[in-house]
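Student: output the structure for:
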Amino acid sequence: LALCLGYTCYFLKLFQMYQEYLEGLVKRAVGLRDEDDPSILLGVNFQLTLALLWLMVTMLNLPTLLSWSQNLPHGIPLPADPSLIHAVILCGSLSVLWQNDGKPKVEKKYFSVLAIILQGLAIFIATFAMVTIYRISFAISAVFVL
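Tutor: As a prediction, the model looks like this:
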């Protein structure tokens, strides 16, 4: 449930950023502004990628939500919530990701090393996606931790 609510909040923030970008385009087309701010589009692209990853984790953990919601009226609790760790990691990472108006800080010291690590995680996801689908959620959670 937390993943679904976080997904909704994330896309609302993304739509707000996209609205700011479109307002800048309209102002430039009308002649009120000379240049666009390229960091706004960089932030939209960055946040869209993370929002799609959040959507993937939400979709992968949707069967847990459905099982919980069907067993709730019968009083049958789930023995352990497998989506809890992902919900805590993703919701906890929002406070860091939404700083700086949602734009990544590309001038950090180890930004290129982080990019290589993220590409390695992408290869891991592509390799194990067909074999064991439950590992994808852990890899995506690792992306949000990094």
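Student: can you map out the helices along the protein?
Tutor: With helices called from DSSP state H, the chain shows them at 2-30, 38-60, 62-71, 84-97, 111-128, 134-145.
Student: which of those helices sits closest to Pro77?
Tutor: helix 62-71 (7.5 Å; Cβ to Cβ). Just so you know, the C-beta spots here come from the backbone N, C-alpha and C atoms, and that holds for glycine as well.
Student: which residues touch the closest one?
Tutor: With Cβ atoms under 8 Å, 6 or more residues apart in numbering as the test, helix 62-71 has contacts from 1, 3-4, 77-78, 81-83.
Student: ok now it, how far from the chain's centre?
Tutor: 22 Å (Cα atoms, centre = their mean, to the nearest Å).
Student: in that helix, which residues are buried?
Tutor: Neighbour-count burial for helix 62-71 flags 64-65 (criterion: 16 or more other Cβ atoms under 10 Å).
Student: number the chain from 13, please
Tutor: With 13 as the first residue, the last one maps to helix 74-83.
Student: how much does that helix deviate in direction from helix 14-42?
Tutor: On the basis of axes from the mean of the first three to the mean of the last three Cα atoms, to 10 degrees, helix 74-83 is oriented at 130 degrees to helix 14-42.
Student: just to revisit the earlier point, output the helices of the chain as a markdown table; include the columns mean pLDDT.
Tutor: Below are the helices of the chain laid out as a markdown table (pLDDT from 0 to 100):
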| stretch | mean pLDDT |
| --- | --- |
| helix 14-42 | 82 |
| helix 50-72 | 81 |
| helix 74-83 | 77 |
| helix 96-109 | 80 |
| helix 123-140 | 82 |
| helix 146-157 | 78 |
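Student: what's near enough to touch the closest residue to Leu102 other than its chain neighbours?
Tutor: Leaving aside its chain neighbours, Leu102 sits nearest to Phe156 (5.4 Å; criterion: Cβ to Cβ, 6 or more residues apart in numbering). Phe156 makes contact with 62, 65, 101-102, 105, 109 under the criterion Cβ under 8 Å, 6+ apart.
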